[in-house]
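>>> here is my input, please return the structure:
(chains A and B)
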Amino acid sequence: MASPMNSDSGWFLALALGVSFIKCLLINAYHSTDFEVHRNWLAVTHSMPVSKWYYEATSEWTLDYPPFFAWFEYGLSHVAAYFDKEMLVVRNLNYASPATVLFQRLSVIVTDVVFIYAIKEFNSWSCAIYRCCKCLREDKGKELLWKPSFILATLLLWNFGLIIVDHIHFQYNGFLFGVLLLSVARHFQSKTDGSVHWKSFSPFRFVVLGSIVLTTFALSFGPFIALGQIPQVLSRLFPFKRGLCHAYWAPNVWALYNIVDKVLSMLGVKLGMLDINKLPKATMTGGLVQEFQHTVLPSVSPLVTLICTLLSILPALFHMWYRPSGGRGFLRCIVICALGSFMFGWHVHEKAILMAILPLSWLAVEHREDARTFLILSTTGHFSLFPLLFTAQELPIKILLMLLFTIFSFTSLKKLFRGRLVSSVEATYLLGLIPLAVICELVYPLTPWHHTLPFIPLLLTSIYCALGVTYSFIRLYISLLTVPSTTSKGKCQ
Amino acid sequence: MDNWSLVSMCVLLGLTTRWAVSFNSYSGASKPPMFGDYEAQRHWQEVAYNLPVHEWYLNTTDNNLSYWGLDYPPLTAYHSLLCAYVAKLINPAWVELHTSRGYESSSHKLFMRTTVLIADILLYIPAVFLYCFYLSNGSSKKKVATALCILLYPGLILIDYGHFQYNNVSLGLALWGVVGLGSGWDLLGSLAFTLALNYKQMELYHSLPFFCYLLGKCIKQGLVGRGLFLLLKISLSVLATFALCWLPFLSEPQQVLQVLHRLFPVARGLFEDKVANTWCSLNVLIKIKTLLSRDAQLLLSVTGFKSILLPALPVCLLMNELPLMATWFLLVSTFSMLPLLLKDGLLLPYAVTSLAFLFLCVYLLSALHRSSQELHLGSCYNLTRGSLFLPFVQFGISMAAMAVLSTASAALEPPARLPDLFPVLVSIFSCMHFLASLLYFNFVQLTEPPSRRGQKKTN
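From the prediction side, this is the model:
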């Protein structure tokens, strides 16, 4: 009797249902203020006319996503009315009745269907690529657990970061990422090689593409253009008054920059080169404040971060423009752009690392070097999300799920590429996350410094992970610039 | 994929499910003055820590037995003492004599839930994997799949991590007993089972099969010679274990009697909590209460909702060989506890874990696709051949009925004239299934060829 695990059809459904059951069990877990944010948006879009959406300020959590998301919330609010009408009253701040919690959680779980569908489409597109050429990563003839399509589906469906950010912290990243993945899959489903040669450039296609983009923007922002509210909308979407770093210090370049500045200033005081009285008080004793004033190194403004981000992604964009390499190259470019924005962006939230990790999963099952980068980036990136769930009750959940994902990703990719993937140094660095976790979660809270210097675990996590993330960024660029471009013969890349 | 990675991922999935269920409410939450089983366990920690051993089972001014008096054997008390020591380190207010009554806080809940998790990690989960890997047949992937299904049995998870109990300790020890006997380590097996018995007296339900198996083995080896030697070894070790567990109470015969009196209370009624057993169902037809005296009723059946976990364990072990019937029984067993789970506010985890279990077993063990030979219908095969798919249809109907009843119990108000309508319906439904299972498993046991290796216990 053939074990069902070898059948072709059921395993995807099993994976999707399995992770959905876990998500349902997490309905009663901790949720962050983002829960109230979305409840507020449900209330605002339901109870207020469109003209007031971006002006409403009863709650501190004003609408700061673009209009399509507002319309999405508006659509949800009509279903919400069947669960608990009280949640749609704007004045009911922090309203969280059991029916409200159930509705909001279910809305994330149900909209994840888009994500699940997108993965299925993505997988079938990938399989189409495999069938058209004798690639190394062939799916057929392999046992289920070793199939690249199975591994990829699991890495995406069971992504640790997505589960804890969407289904505990509370967000809709799965749904949004599903839309992105669908657009990528659809784009390449029309052509088998997915490349756009400069030769085939035509003004007509450019105009068509341009008008599609413009129409989408028009649909989204149209009502607000008509109402003359664009400045207000933009100010809500891009609140540059917030500091360089998010309160949790996403593990990017600016976190490293901050710590170098702090160390230098402390050294400077010790060596007598800086006068302690002249330094701003906050830098010496304050925790991870958002408005971080740099003392030794020059201060960083939003414009500087924008320029740095652009500089970091331009090489990748040019590379794709001049030497296109099909679907894989496009995805690699997406990953680099996402990671570049993460590394150099203004007020980056550590959740943004998922935008790089998720597309990298596809490259990881394709190419050995990308698998190595994926293992480093995903492990450090996921670990950097730990501070988001700071409650004691959720500690076992985040550790168990992190271990589950990490063990799966390491063993499956190792099996796929037959042999050790990460070097000894990299392995040591990753293993260092274990003592770091022990210190931050278990040891530090028991010390007296826990009350006087509560930001130290955040700082340590951020700095340690920033090293891994930066290293992955460099590795990605190296692999981009050294991977051979499409040959005239081969159709698959 | 290597075995160890598959095993670790299954363990992690099992633990995640358990801990996620623990987020929900527990029995008697915020319900003074008596609260529930959660408070009972906390109270036992208080009693065990603050009072001398010989007072644990006695009614004294410091120990009011009518408020959750200890009614499990001494090993539970020792376990409570151990937990109390840890509790004292973290927050002494949790086990302060008298003043800690009804203590409820989120950190205390975390502590209590953690004690259950640790017991699972140390006792139950290793036993499950040892059983699956050494005592069941099939490829290693099949064994891991079976272990995962056993780990995700909803009944045990919901009671231990929802309602709040330590069934994983007694069942885990009993399972160690099975593993011991099955591997030929009779001494270890009987030791483990004796400990299980000294943890919860309900394990007596399992004791007869253990006894018969061991006795049979001794007789087979010849009552003169090796068999006798084995019998003596086992008897001595069992007696020694009992003596060790009961040591503090052996100084006075009065003490032993008092403990026994607490373990087998004749004062409780037959119909406590409308339990899903034969008597409850029969009572609908014949008013048994009026026919028999109280003690007589009690002698016929002493049981509570959670006792269904006792037959559930052996059925879990049969999942490999009889996947459809095992899954069916286990789902009904969880369903039978629905009134209790609803009372504890555990509807959501009940629904999710039951659905997940159903889906997982059907998918991983392809429960529905086995041939009828696997159903052991044997000679009955010819009779049912025409309706070959009948068991599967019955299974589907049964699942649908449970879904309807569950939804109705949760969503609808019972009519004023029949306030206990839903619990009684659940009870009758479950009882019918249990009786049918009893017949089926007996049939399987009796028609099984004797040369089959690794005979499993069935209830």
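
>>> report how many residues lie close to residue A:441.
Residues near residue A:441, counting by other Cβ atoms under 10 Å in any protein chain shown, number 18. Every residue, glycine included, has its C-beta placed from N, CA and C.

>>> quick check: residues of chain A near chain B?
With the criterion set to Cβ under 8 Å from any Cβ of the partner chain, chain A comes near chain B through A:1, A:3-5, A:10, A:14, A:17-18, A:21-22, A:24-29, A:145-146, A:392-393, A:396-397, A:400-401, A:403-404, A:407-408, A:411-412, A:415.

>>> pull out the buried residues from those.
Taking 16 or more other Cβ atoms under 10 Å in any protein chain shown as the criterion, what is buried in the residues of chain A next to chain B is A:3-5, A:10, A:14, A:17-18, A:21-22, A:24-29, A:145, A:393, A:396-397, A:400-401, A:403-404, A:407-408, A:411-412, A:415.

>>> narrow those to those in helices?
A:10, A:14, A:17-18, A:21-22, A:24-25, A:396-397, A:400-401, A:403-404, A:407-408, A:411-412, A:415 (DSSP state H).

>>> nearest residue to the middle of chain B?
In chain B, the centroid-proximal residue (Cα atoms, centre = their mean) is residue B:309; its distance is 2.8 Å.

>>> tell me who's in contact with that one.
Going by Cβ atoms under 8 Å, 6 or more residues apart in numbering or on different chains, residue B:309 touches B:155-156, B:159, B:167, B:171, B:333.

>>> any idea which helix or strand comes after whatever helix or strand residue A:435 lives in?
Assigned by DSSP states H and E, residue A:435 belongs to helix A:433-437. Along the chain past helix A:433-437, the next helix or strand (assigned with DSSP H and E) turns out to be helix A:449-452.

>>> quick one: distance of that following helix to the chain centre.
On the basis of Cα atoms, centre = their mean, to the nearest Å, helix A:449-452 is displaced by 31 Å from the centre of the chain it belongs to.

>>> and for stretch A:20-28?
Mean C-alpha position of stretch A:20-28 versus that of the full chain (Cα atoms, centre = their mean) differs by 21 Å.

>>> can you list contacts of it?
The list of residues contacting stretch A:20-28 from outside it, by Cβ under 8 Å, 6+ apart, reads A:101-102, A:105-106, A:108-109, A:112, A:163, A:167-168, A:397, B:16-17, B:20-21, B:23-24, B:348-349, B:352-353, B:355-356, B:359.

>>> give me the phi and psi for residue A:245.
The phi and psi values for residue A:245, taken as degrees, to the nearest 10, are phi -120, psi 150.

>>> out of the contacts of stretch A:20-28, which end up buried?
When the contacts of stretch A:20-28 are checked for burial by 16+ other Cβ under 10 Å, the buried set is A:101, A:105, A:108-109, A:112, A:163, A:167-168, A:397, B:16-17, B:20-21, B:23-24, B:348-349, B:352-353, B:355-356.

>>> now, these that are in helices?
Using DSSP H, the buried ones among the contacts of stretch A:20-28 in helices are A:101, A:105, A:108-109, A:112, A:163, A:397, B:16-17, B:20-21, B:348-349, B:352-353, B:355-356.

>>> work out for me the element residue B:98 sits within.
Per DSSP H and E, there is no helix or strand for residue B:98.

>>> ok, now which ones touch it?
Taking Cβ under 8 Å, 6+ apart as the test, what residue B:98 contacts is residue B:62.

>>> so how far is chain A from it?
Distance of residue B:98 to chain A, given as Cβ to the nearest Cβ, to the nearest Å: 28 Å.
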